[in-house]
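*Asks:* Dropping the sequence and predicted coords here.
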Amino acid sequence: MDYQSEYMSKRCTPQQAVQLIRDGDWVDYTQGITFPQLLDEALAERTGELADVKIRCMFCLKRPQILEKDPHSVSFTYHTWHSSQIDRRDVNEGRAYFAPIQYSHLAEYYRRGMAPVDVVMMTVSPMDRHGNFSFACNPSATQGALDAADRIIVEVNPNLPEAYGLGGDFIHISDIDAIVESDVPVLMAPNPPVQEIDKKIAAWLLPYLKDGMTLQIGVGGIPNALGMLIADSDLKDLGMHTEYLSDGCLKLYEAGKITNRRKELLPGKGVYGTCAGSTELYDFVDHNRALLSAPIEYVNHVDQIRQLNQFVSINGCLAVDLYGQVCSESAGLWHISGSGGQVDFISGAFWSPHGQAFLTMPSTYTDRQGIVHSRIQPFFSHGDIVTTVRAIAPCIVTEYGIAELEGRTTWQRAEALIAIAHPDFRESLIRAAEAQHIWRASHKR
Ligand SMILES: CC(=O)SCCNC(=O)CCNC(=O)[C@H](O)C(C)(C)COP(=O)(O)OP(=O)(O)OC[C@H]1O[C@@H](n2cnc3c(N)ncnc32)[C@H](O)[C@@H]1OP(=O)(O)O
Ligand SMILES: CCCC(=O)O
């Protein structure tokens, strides 16, 4: 059978396609912009008919219909590998469950059967003349799920940007069980506005950045502020090797700062593992030969990052204790985000010959009652999730400066962290450090 005939024989309505789902299945919705919008709606219509179907997704950009239509989990239980802003309330109120990961390991969790997957449902670009459907704009860990899945259903959407990929970025028609056609707009990721405090934090990073270095920047207002500062600086010939291609990265391209010319690995190409943002970003990704996507197991792996001579990684965190433990996922037991690739990039940056990793946060958090709390805490005592263990904690940045933690003793860490805490909390932190026996007698009392 030629590919067109095979396509026509597998083409069906979303309602027909989701008949492939059976009781007890684990169904993977992949991630971000490859989330299967029409298939999710059709599956949600089977609420009450199916039993014990487990759905997984990562970095969800739209609340799944299976949650909207089945809020009491009669048929579906929803799980997320990376709690996004959209998932947060459902996770905290018990309608959804978080699954912690190290992002570079995720594809292997699927392949090794640690994360069972019966069905993959995902959005792809239209078929080429060779029978391939691309998802190169967002390879993430999807190849692992596809390798493990028993049934594969694709939602073909011509609006998905057509990108160039290094591998793990397409699926052949012979491996597909059902094809659904769609024309819905591509999901977008919110672009956090830059606040004054973000600019202050980013300004501390600027002296650490050098011409020719390769950058990884994560989510949030601070990376966006940094993008703006770099765009206005004299820095030149930067490289991009990043997990997440965002509007922050696009700003750097638009300012002409990223050329990838001096990058040791894949020179000339800006490398990324997942992409989500604005329509401008998708337009930039579309058929852009200066960009190359690759699976997260490649992008985030230390084997690649160590080949980059000056690799600088900048990600966000939520709180740090005086021992240098870093929480990036919760505020006490209130779940906020996921570990994602934070630890991957800290390890990778360490092995880059002139590499450095930074974790950024404002020094305080103001709660809904207007009470100001220090994000630098004596010790974690309310269930805060440790994302980065103290042994590998890198440089921590607040609006008051940078605390370099690697290789430092407990008293040096306490001293460095108190120095970047909000001044209103420094005295109480010193008293706590004394009580915890991590404050040297010769220090300020
Ligand atoms: C995509 C990548 O980042 S790639 C690389 C590595 N991956 C990671 O580092 C993953 C872990 N890091 C992250 O997810 C992010 O950097 C974060 C969550 C730590 C920080 O992200 P930001 O967007 O800068 O955080 P922000 O300060 O806006 O806080 C996020 C939310 O938590 C809330 N929050 C923050 N601190 C607290 C607190 N102490 N108590 C209650 N809520 C809090 C904020 O109000 C905000 O809520 P909203 O989204 O409803 O507005
Ligand atoms: C897709 C985002 C994952 C991360 O934060 O690392």
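*Replies:* Arrived safely. Numbering: from 1, shown residues only. Ligands and ions are numbered 1, 2, ... in the order given.

*Asks:* Which helix runs longest in this structure?
*Replies:* Longest helix of the chain, by residue count under DSSP state H: helix 423-435.

*Asks:* what's that one packed up against?
*Replies:* Applying 3 or more C-beta pairs under 8 Å, 6 or more residues apart in numbering; DSSP states H and E, we find helix 423-435 packed against strand 372-374, helix 410-419. C-betas here are computed from N, CA, C, even on glycine.

*Asks:* Get me the contact residues on the stretch 201-350 of the chain for ligand 1.
*Replies:* 218-222, 243-244, 315-318, 328, 331, 334, 336-337, 340-342, 345 (C-beta under 6 Å from any ligand atom).

*Asks:* Break the chain into its domains for me.
*Replies:* Using automatic domain parsing, the domain ranges for the chain come out as 13-123+142-154, 211-299, 307-445.

*Asks:* Span of stretch 98-113 from start to end?
*Replies:* By C-alpha to C-alpha, to the nearest Å, the extent of stretch 98-113 from end to end equals 18 Å.

*Asks:* Tell me the residues of the stretch 1-150 of the chain that contact ligand 1?
*Replies:* So the stretch 1-150 of the chain meets ligand 1 at residue 85 (C-beta under 6 Å from any ligand atom).

*Asks:* What segments of the stretch 1-150 of the chain are strands?
*Replies:* Per DSSP state E, counting those that start in this stretch, the stretch 1-150 of the chain carries strands over the ranges 26-31, 53-58, 76-80, 96-98, 119-124, 132-134.

*Asks:* With adjacent residues omitted, what lies nearest to whatever residue of the stretch 251-400 of the chain ends up closest to ligand 1?
*Replies:* Residue of the stretch 251-400 of the chain nearest ligand 1, by C-beta to the nearest ligand atom: residue 316 (2.5 Å). Excluding its sequence neighbours, the residue lying closest to residue 316 (C-beta to C-beta, 6 or more residues apart in numbering) is residue 220, at 4.3 Å.

*Asks:* Please, which helix or strand holds residue 297?
*Replies:* According to DSSP states H and E, residue 297 maps onto helix 296-299.

*Asks:* As PDB, could you dump the C-alpha coordinates of that helix?
*Replies:* C-alpha atoms of helix 296-299 as PDB (Å, rounded to 0.1, in the frame of the first residue of the first chain):
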ATOM      1  CA  ILE A 296      16.100  15.900  26.100                       C
ATOM      2  CA  GLU A 297      18.200  12.800  26.900                       C
ATOM      3  CA  TYR A 298      20.800  14.300  24.500                       C
ATOM      4  CA  VAL A 299      20.400  18.000  25.200                       C
END
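
*Asks:* Helix or strand next in line after that helix, which one?
*Replies:* Counting by DSSP H and E, the element after helix 296-299 in chain order, helix or strand, is helix 302-305.

*Asks:* Would you mind pulling up the elements that that following helix packs against?
*Replies:* By 3+ C-beta pairs under 8 Å, 6+ apart, helix 302-305 packs against helix 342-351.

*Asks:* moving C-terminal of the helix it packs on, what's the next helix or strand?
*Replies:* Following helix 342-351 in sequence order, the next helix or strand is strand 356-360 (DSSP H and E).

*Asks:* picking up where we left off before, as a markdown table, the strands of the stretch 1-150 of the chain with mean neighbour count and mean pLDDT would be great.
*Replies:* Shown next, in a markdown table, are these (neighbours: other C-beta atoms under 10 Å; pLDDT from 0 to 100):
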| stretch | mean neighbour count | mean pLDDT |
| --- | --- | --- |
| strand 26-31 | 27 | 98 |
| strand 53-58 | 25 | 98 |
| strand 76-80 | 22 | 98 |
| strand 96-98 | 21 | 97 |
| strand 119-124 | 27 | 98 |
| strand 132-134 | 20 | 98 |
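
*Asks:* Please name whichever of those strands is nearest to residue 265.
*Replies:* strand 132-134 (22.9 Å; C-beta to C-beta).

*Asks:* any idea how far the closest one is from the chain center?
*Replies:* Computed by C-alpha atoms, centre = their mean, to the nearest Å, the chain-centroid distance of strand 132-134 equals 24 Å.

*Asks:* contact partners of the helix or strand of the chain with the lowest mean pLDDT?
*Replies:* Sorting the helices and strands of the chain by mean pLDDT, DSSP states H and E puts helix 221-231 at the bottom, at a mean of 83. Residues outside helix 221-231 that contact it (C-beta atoms under 8 Å, 6 or more residues apart in numbering) are 191-195, 198-199, 201-203, 205-206, 209, 217, 238, 246-249, 251-252, 254-255, 257, 314-316, 360.

*Asks:* Flag every buried residue along it.
*Replies:* Across helix 221-231, burial judged by 16 or more other C-beta atoms under 10 Å covers 221, 222, 223, 224, 225, 226, 227, 228, 229, 230.

*Asks:* Which of those residues sits closest to residue 172?
*Replies:* Closest to residue 172, out of all of the buried residues of helix 221-231 and judged by C-beta to C-beta, is residue 223, at 36.2 Å.

*Asks:* Setting the sequence-adjacent residues aside, check what's closest to that closest one.
*Replies:* Excluding its sequence neighbours, the residue lying closest to residue 223 (C-beta to C-beta, 6+ apart) is residue 217, at 4.0 Å.

*Asks:* Next, that neighbour: phi, psi?
*Replies:* phi -120, psi 140 (degrees, to the nearest 10).

*Asks:* Tell me how far it lies from residue 404.
*Replies:* From residue 217 across to residue 404, the span is 20 Å (C-beta to C-beta, to the nearest Å).

*Asks:* cool, residue 235 as well?
*Replies:* Separation of residue 235 from residue 404 (C-beta to C-beta): 22 Å.
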